[in-house]
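In: Next one to model:
(chains A, B, C, D, E, F, G and H, ligands or ions: 2)
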Amino acid sequence: NENNEKESIFNEPKIKSMFSSFSKKLDEDNDRRERIVKNSRDITIASKRVISLLQRAVWEDKQEILKQSKQNLQPIFNLFGNIIKELDQQEYWKFQKAFTNGVQEYIEAVSFQYYIEFGALIPLDSILIPIKEALNLDSLGQFNISIDDYALGICDLSGELMRYSTGCVTVGKYDECFKICDFIRSMSSGFKKCHLNKDITSKMNTMEESLKKIEKLCFSIRIRKSEFPDQQIKVDINDMIE
Amino acid sequence: NENNEKESIFNEPKIKSMFSSFSKKLDEDNDRRERIVKNSRDITIASKRVISLLQRAVWEDKQEILKQSKQNLQPIFNLFGNIIKELDQQEYWKFQKAFTNGVQEYIEAVSFQYYIEFGALIPLDSILIPIKEALNLDSLGQFNISIDDYALGICDLSGELMRYSTGCVTVGKYDECFKICDFIRSMSSGFKKCHLNKDITSKMNTMEESLKKIEKLCFSIRIRKSEFPDQQIKVDINDMIE
Amino acid sequence: MENLFESFTEELEQDFQLRQNIKEIMTKIEPIDRKLSQMVQTYHQVNNTMSYQQLLEEIQPMKAQIDQLKLLIKPVLYYKYRDYWKFSITQISFSLIFSYWVEKKSLLKIDQVQSILGLDENKPGSFSLELEDYLIALCNLSNELSRYCLNCVIKQDYETPSLISKFISDLFAGFRLLNLKNDIIRKRYDSMKYDLKRIEEVVYDISVRNLIKK
Amino acid sequence: MENLFESFTEELEQDFQLRQNIKEIMTKIEPIDRKLSQMVQTYHQVNNTMSYQQLLEEIQPMKAQIDQLKLLIKPVLYYKYRDYWKFSITQISFSLIFSYWVEKKSLLKIDQVQSILGLDENKPGSFSLELEDYLIALCNLSNELSRYCLNCVIKQDYETPSLISKFISDLFAGFRLLNLKNDIIRKRYDSMKYDLKRIEEVVYDISVRNLIKK
Amino acid sequence: MENLFESFTEELEQDFQLRQNIKEIMTKIEPIDRKLSQMVQTYHQVNNTMSYQQLLEEIQPMKAQIDQLKLLIKPVLYYKYRDYWKFSITQISFSLIFSYWVEKKSLLKIDQVQSILGLDENKPGSFSLELEDYLIALCNLSNELSRYCLNCVIKQDYETPSLISKFISDLFAGFRLLNLKNDIIRKRYDSMKYDLKRIEEVVYDISVRNLIKK
Amino acid sequence: MENLFESFTEELEQDFQLRQNIKEIMTKIEPIDRKLSQMVQTYHQVNNTMSYQQLLEEIQPMKAQIDQLKLLIKPVLYYKYRDYWKFSITQISFSLIFSYWVEKKSLLKIDQVQSILGLDENKPGSFSLELEDYLIALCNLSNELSRYCLNCVIKQDYETPSLISKFISDLFAGFRLLNLKNDIIRKRYDSMKYDLKRIEEVVYDISVRNLIKK
Amino acid sequence: MENLFESFTEELEQDFQLRQNIKEIMTKIEPIDRKLSQMVQTYHQVNNTMSYQQLLEEIQPMKAQIDQLKLLIKPVLYYKYRDYWKFSITQISFSLIFSYWVEKKSLLKIDQVQSILGLDENKPGSFSLELEDYLIALCNLSNELSRYCLNCVIKQDYETPSLISKFISDLFAGFRLLNLKNDIIRKRYDSMKYDLKRIEEVVYDISVRNLIKK
Amino acid sequence: MENLFESFTEELEQDFQLRQNIKEIMTKIEPIDRKLSQMVQTYHQVNNTMSYQQLLEEIQPMKAQIDQLKLLIKPVLYYKYRDYWKFSITQISFSLIFSYWVEKKSLLKIDQVQSILGLDENKPGSFSLELEDYLIALCNLSNELSRYCLNCVIKQDYETPSLISKFISDLFAGFRLLNLKNDIIRKRYDSMKYDLKRIEEVVYDISVRNLIKK
Ligand SMILES: [Mn+2]
Ligand SMILES: [Mn+2]
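Out: Ligands and ions are numbered 1, 2, ... in the order given. This is a model prediction of the structure:
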């Protein structure tokens, strides 16, 4: 931060020294924010990759995919560690906008993984504890996933589950679709009870759309099953052709 | 219009013949519209060039510019002739949207020229008669510049006059600015009396903006003149420097 | 300049008055349009008893209104004000064409619609059903028949869907003969593809279940 | 000029206070609205146990709030402030009408809704459920029933969709009788056509597969 | 269901008729508004001869129209339909206030405007010039005077700008006393600051050149 | 300084001319695109006689147009103007690929399409069929084949659906390998699942009813 | 899942309540802000008698409100809710800084403003005047002084403009030392250039007319 | 088919990487741009000591960055990514041109700027300062010089304004030769007239007061 002396000739030198100290403080904050944003972006990218991978669980070996997705989460823990280190004392909310996107995407990924493994909604603890353990920390300090980020993350989960269930139909996993339909309906109903803020309300609309799409899928499965109730629906094409 | 026989196999051949006749009619209209649009575009381009040329009258020999601009209008008359030929009997309004832009831009150009020459608003007749004469027609038939096109064209004139008056200030033609200010105010006032449709109303706003800009110019001229009332304002820079 | 603007004012005032008069007449045409649309809807019901004849009766008062419009508007201004009635006349034409097809399984031609509505034949300045509007009405027809197709099956009428399929296939092929610009008809024609697809699905459902008597 | 503006201040302050009070009451009405919306959603579940009675209980505290509003707002100012409660009351009405229909397969009339909510009958200046709002609630009903229709099939209830189809078809016919100028209702009514189409598709799917017992 | 909707039809029809009647009256008020706006414009001309008296004459026919509106609209429905005339009445008030100020260099009060236009005093349900509309008219005044200021200088009137500056500065101070929550007035008030700044620039230009006689 | 400004004018003019020329050429390519789209539609008709050979004939004049474009546009400017032809070339590629598959039951590769259309191989600045566009064409293929599948059954062709099913399954497996961003291809890929679902329903319908001869 | 959502509901409700409480306090801070803005305006009038002392008195009740906010909001949540008071505190700071400069021709430092308002020093989680807000207040200062500059000339005070010019030139140079991102401060800083330009024009006018005594 | 899809993935990844790399380089160019803009500002100060040489030193690191961009971006892709650096390079060019003119009273030509920045000469695909950008830089120059003109007078430099006047007159005459479309340059050209007006007012002020020594 070498300010060329010649270029700024002040009538009042005090103003210069004042602004020099401002400059230092602003730069510190900005640099910190930049580093946090970068970590957050990396979290987003890695999380999106995990989601992409998990979508393949429809067609490939579920256990294998789960295993791999857990490995892929490892590097994310370190990124969280970096962010936590940047946050000093009471500054969680000062920089929250800088990392909220990454946190949300991570929650989307990890809740998707949890659903595929256990068929249930991930509790907040199950998100925080692995981070703590991986980073070898007793506590995350004030770094606590906010209720808003958690809510926004699991709203997006519904979109991924909708895509997942469309995949399920193409391979004949019909029960899975009905389960997902119930699951999302419970989530949507849970949210409806709350005094929601604007961000969540707008994402809720997306969730409703996903729910309607899954309902349509379930409807079409039911209607086909009803016509020949005793028949297995899924046909192995390769058998037919040979 | 050679329709490959093989490609469209109709259950009911009558439908085919019906649509074939439709096709002919649609193509005729569309081709006609295309030709009109093309002529209209050429009118627009040529008119814009004339306007560009007339703007130079501030700095160059006004009479010379006027002479040249009149020559440049000549080819436009033929384009009008083409459009008139395309319009058969009662179809002026059928294709009006296809040539309205050209007509408006032409009115803008020719009214700008008229103002520079005579300092007054061009009457509708002075627009139509030259076209008639140039095309050697007794009458333009139903081709009559609509009151809407005329109004829209002279609304745009105000924008060009505003630009022209800004130029005038840079060369010390101050009286010209005051005249233009009065002229546009009379136009604006004239329009305000009428029961205007939406198109004109929205262009009127642009005219009002132009008027306000010219008022500001006139204000700044007046304020400078007032300080040294006996002094010529315009200074010949070259005199000063030598 | 003042004279100039006075003649302006006068002319614009006349135009305004004329528009008011046209709107007045339209308030009498629009209820007919609404009534016909409603009649078309009843065709979809299981216990429908609507007939083309009933639509023709409902249409009677139209002619008087059309005649008034003709008196009001000089031929040269016909195209200037066309937007006022364009939509209603297209809708009414559609209703007639739909009802006619369902009853006779045949298409009502443009000149037939014109004579029913008291409109003139298609030529410059004449007060007619424009080709463009007739084509839009046909697009509406395609859309409504794709819905009617489903309702036939509900009523256990398994023959009509095939007829609809053949007819819309022809209609679609007909449109393919036209050189459409990127305009409203082009857009409607593009969506006609979805109507046809829906109809094909119905025929498929009937066909794969062997519901039609050969 | 200061005196002048001071007198203005008073008038604006009163208006401001009144608006604050209305907002205050609305924060008590809105949770009821939210609760009812959520109850309506449970009807779509396979193992639904919701009943109209439960909605009626939930609605109890409404009357007290409505009475407060009535006390607060003079009839001449009713239309000045109506926008504050218009939306919530429409939503609540919809929830009641939906639940009632699903349970009784019959339409809750406007005066029934009014008496449930402690609103007055429809006349100028009375604190009532406006016709306009009731019509919007019916549009919402049509939309929700088109979704409910799919969920019936998921629960293997193949009878209800036909009833819905018949009901919405009648409702749609009713709307067509109205001379709709109000833009919002008009728009919602237009989309009702798509609801009906969706419902017919469900009935079609049931029908072509012969799933309904004759 | 048909009976139900028929009763709705009647109610909607009445509302529709009333709206038509209001619109009819407005077509007679609007030309007056237009005329006055134009008269205001002439004040900016160098050779202006317009007088407040002329505006008062032009406004004569208003009272009859206002009386018709009063007959038509019951107090309880006043706020339901207010949007129809709100804008025109605000504009007309502005024109009167502007002309009055330019001539008398003094502000036309709200009750003066009301009595000129045959409107009632400001109280709930009365057909009046609402405070909100009067305030908007004052914002328009500020804007027009900032333009008038320039045109004074063009006419070599170097005294009026200072008067305008003083007056708008007071007006602005008056607005600052108000707790503005209404979004439109608030926005207009914010832009009043720019009017004032523009006026100050004119006074500055006069002042720095010593053009005003002390 | 004059020279400087003259060369500016010239350059701006050249860009304008070039765009005009490209548009001119596109008016010759677009009808070919439209024609091919129409030909693809006839494949769905029961009595279809369309052949891939006919499409190839229709495509003949393309090469000349492509050559003109190549002459016109220097490699360095290729991406500056690509949006002009991108859409048409994607559509035309799709039409060829569809027709080829229906006839040969095999996929036309990207380099085959390129050589048919006289396009260059895929490398920076070369005038080629971009990968992105080829992928979009494959998404269109999936969609059109899902419709074609139904129409095969209507024509009592029970073999082709299985082939389609196998092929689209493979294609879909290919798309699964892509790391798609949230872009247009991702969207099309998501909707491809619905095509696949529809195709498998058809195969199931045939199988469960034993319509296929073993 | 239900337990989970119950704790959700609770937490969101608490957040909602807290926000209501903050808003309540803000309705007491905002009138102070308004009052101070009004006081600042009077500085522009020819016959101004406003003094910095008067502003200090007006600001007295602020401290109590700030203390309430401090009690209400845990340090860790300070940044979460900051938007509620950010704007008002920035405005109030500006008013103080402006008045102080006009009277003492010297800049009120950030820590001085903090102690006047009962805010804490700048450190994480402390309830303070953030650097960012102070900078915005300085941008407002630049804007207001550029206007004040004109009004000085009107009052025939030809000395102050040069002082303003020197001061704003320093301030502008100070901002140039900062590495601004593309944020709101950057935008305000960009527009500060126009303030400076305006001030330079005033100094020019004075200078070229030799109005200042050397 | 797998190979096909793998190459797709790769290509998409490359584009993404390239954009990241460009952005990275831009974070090094932008501070230079900001720094130069600041240096330009100091020219307006009374006690300015800035020199063109200092700007040239500041610009040193640019070449390395430009070279990196050249390495990164193949000529054929130049226009695909140009928007990333377009704005910064225009700004930097302006700063150099302004400083050069103030010092040498002569215009830095486009090829001089290019060689200073390590850019190539103007031809398709070469990494150069585009004509369009140079023109924009000249418009910025006109605007900044009109401000500089005033500050000269404040510093009692009465010679430079005449030189500026002559130079901007010439520049403006150059722009008049361009056939400008309704684009960004046209807009800037229109506003250049105001610069010219301002400059001539300054020259007039000097002349009428005999401030210049003959
Ligand atoms: Mn997602
Ligand atoms: Mn123009």
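In: could you point out the longest helix in chain C?
Out: Under DSSP state H, the helix in chain C containing the largest number of residues is helix C:2-42.
In: any idea which residue sits dead centre in chain C?
Out: With distances taken as CA atoms, centre = their mean, C:Phe94 lies nearest the centre of chain C, 2.7 Å away.
In: Touching, it and C:Tyr134? I think so.
Out: No - C:Phe94 sits out of contact with C:Tyr134 when judged by CB atoms under 8 Å, with a separation of 9.4 Å. Just so you know, the C-beta spots here come from the backbone N, C-alpha and C atoms, and that holds for glycine as well.
In: what residues do those two have in common as contacts?
Out: Common contact partners of C:Phe94 and C:Tyr134 (CB atoms under 8 Å, 6 or more residues apart in numbering or on different chains): none.
In: Show me what the longest helix of chain C packs onto, helices and strands only.
Out: If you count contacts as 3 or more CB pairs under 8 Å, 6 or more residues apart in numbering or on different chains; DSSP states H and E, helix C:2-42 packs onto helix B:147-170, helix B:174-193, helix C:52-59, helix C:62-72, helix C:78-81, helix C:83-104, helix D:160-177.
In: can you map out the strands along chain A?
Out: Counting by DSSP state E, no segments of chain A form strands.
In: Closest residue of it to chain C?
Out: Distances between chain A and chain C by CB to the nearest CB are smallest at A:Glu227, namely 8.8 Å.
In: Relative to F:Gln156, how far out is that residue?
Out: 21 Å (CB to CB, to the nearest Å).
In: which residue packs closest to the residue of chain A closest to chain C, ignoring adjacent ones?
Out: Distances taken as CB to CB, 6 or more residues apart in numbering or on different chains place D:Arg209 nearest to A:Glu227, at 4.5 Å, with adjacent residues excluded.
In: what's that neighbour in contact with, if anything?
Out: So D:Arg209 contacts A:223, A:226-227, C:209 (CB under 8 Å, 6+ apart).
In: out of those, who's nearest chain E?
Out: Using CB to the nearest CB, the contacts of D:Arg209 come closest to chain E at A:Ile223, 29.6 Å.
In: ok, so what distance separates the closest one from chain B?
Out: 32 Å (CB to the nearest CB, to the nearest Å).
In: Now do the closest residue to that residue other than its chain neighbours: how many residues are near it, please.
Out: In this structure, A:Ile223 finds its nearest non-sequential neighbour in D:Asp205, 5.1 Å apart by CB to CB, 6+ apart. The tally of other residues near D:Asp205 (other CB atoms under 10 Å in any protein chain shown) stands at 25.
In: Check C:Cys149 too.
Out: C:Cys149, neighbours per other CB under 10 Å, totals 26.
In: again, but for C:Ser7
Out: Counted with other CB under 10 Å, residues neighbouring C:Ser7 total 12.
In: how much space between whatever residue of chain C ends up closest to chain A and C:Tyr158?
Out: Ranked by CB to the nearest CB, the top residue of chain C for proximity to chain A is C:Arg209, at 8.8 Å. Distance, C:Arg209 to C:Tyr158, by CB to CB: 9 Å.
In: Check C:Ile97 too.
Out: Counting by CB to CB, the gap from C:Ile97 to C:Tyr158 is 24 Å.
In: And A:Phe19, by the same measure?
Out: 85 Å.
In: In terms of neighbours, single out the busier of the two.
Out: Neighbour tally, A:Phe19 and C:Tyr158, criterion other CB under 10 Å: the higher count belongs to A:Phe19, 24 against 20.
In: So, low pLDDT: which residues of the chain?
Out: Reading this off chain A. A:1-9, A:89, A:233-242 (pLDDT under 70).
In: Actually, chain C is the one I wanted.
Out: For chain C (pLDDT under 70), the answer is C:213-214.
In: secondary structure class for the residue of it found nearest chain H?
Out: Per CB to the nearest CB, C:Asn182 is where chain C lies closest to chain H, at 24.2 Å. For C:Asn182, the secondary-structure state derived from DSSP: H, G, I helix; E, B strand; the rest coil is coil.
In: what residues are up against the nearest residue to A:Leu211 once chain neighbours are set aside?
Out: Leaving aside its chain neighbours, A:Leu211 sits nearest to A:Ile184 (5.1 Å; criterion: CB to CB, 6+ apart). Taking CB under 8 Å, 6+ apart, we find A:Ile184 in contact with A:158, A:161-162, A:207, A:210-211, A:214.
In: one more time with 10 Å, if that's ok
Out: A:157-159, A:161-162, A:165, A:207-208, A:210-211, A:213-215 (CB atoms under 10 Å, 6 or more residues apart in numbering or on different chains).
In: Enumerate the residues of chain C near chain E.
Out: C:13, C:16, C:20, C:27 (CB under 10 Å from any CB of the partner chain).
In: The second one reaches B:Asn197, doesn't it?
Out: If I follow you right, that is C:Phe16. Yes - C:Phe16 is in contact with B:Asn197 according to CB atoms under 10 Å; the separation is 8.4 Å.
In: ok, back up a step: using just helix, strand and coil, how would you label the residue nearest to A:Ile223?
Out: helix.
In: which residues does it contact?
Out: A:219-220, A:222-224, A:226-227, C:150, C:153-154, C:205, D:150, D:153, D:158, D:161, D:211.
In: Excluding chain neighbours, what is closest to C:Lys109?
Out: Using CB to CB, 6+ apart, the nearest residue to C:Lys109 is B:Met18, at 7.1 Å.
In: Tell me how far the one you found lies from C:Asn210.
Out: Taking CB to CB, one finds B:Met18 at 35 Å from C:Asn210.
In: These two: which is more packed in?
Out: B:Met18 (17 against 11).
In: How about the contacts made by that one?
Out: B:12, C:107, C:109-110, C:170, C:174, C:177 are the contacts of B:Met18 under CB under 10 Å, 6+ apart.
In: got those residues as TSV, with neighbour count columns?
Out: Shown next, in TSV, are the contacts of B:Met18 (neighbours: other CB atoms under 10 Å in any protein chain shown):
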residue	neighbour count
B:Glu12	17
C:Leu107	20
C:Lys109	13
C:Ile110	24
C:Asp170	23
C:Gly174	23
C:Leu177	22
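In: Pop out the phi and psi values for C:Lys109.
Out: Dihedral pair for C:Lys109: phi -70, psi 160, per degrees, to the nearest 10.
In: wait, isn't it in contact with B:Ser17?
Out: No - counting by CB under 10 Å, C:Lys109 does not reach B:Ser17; the two are 11.3 Å apart.
In: For A:Glu227 and F:Gln156, indicate the residue with more neighbours.
Out: Set A:Glu227 next to F:Gln156 and count neighbours by other CB under 10 Å: A:Glu227 wins out with 16 against 9.
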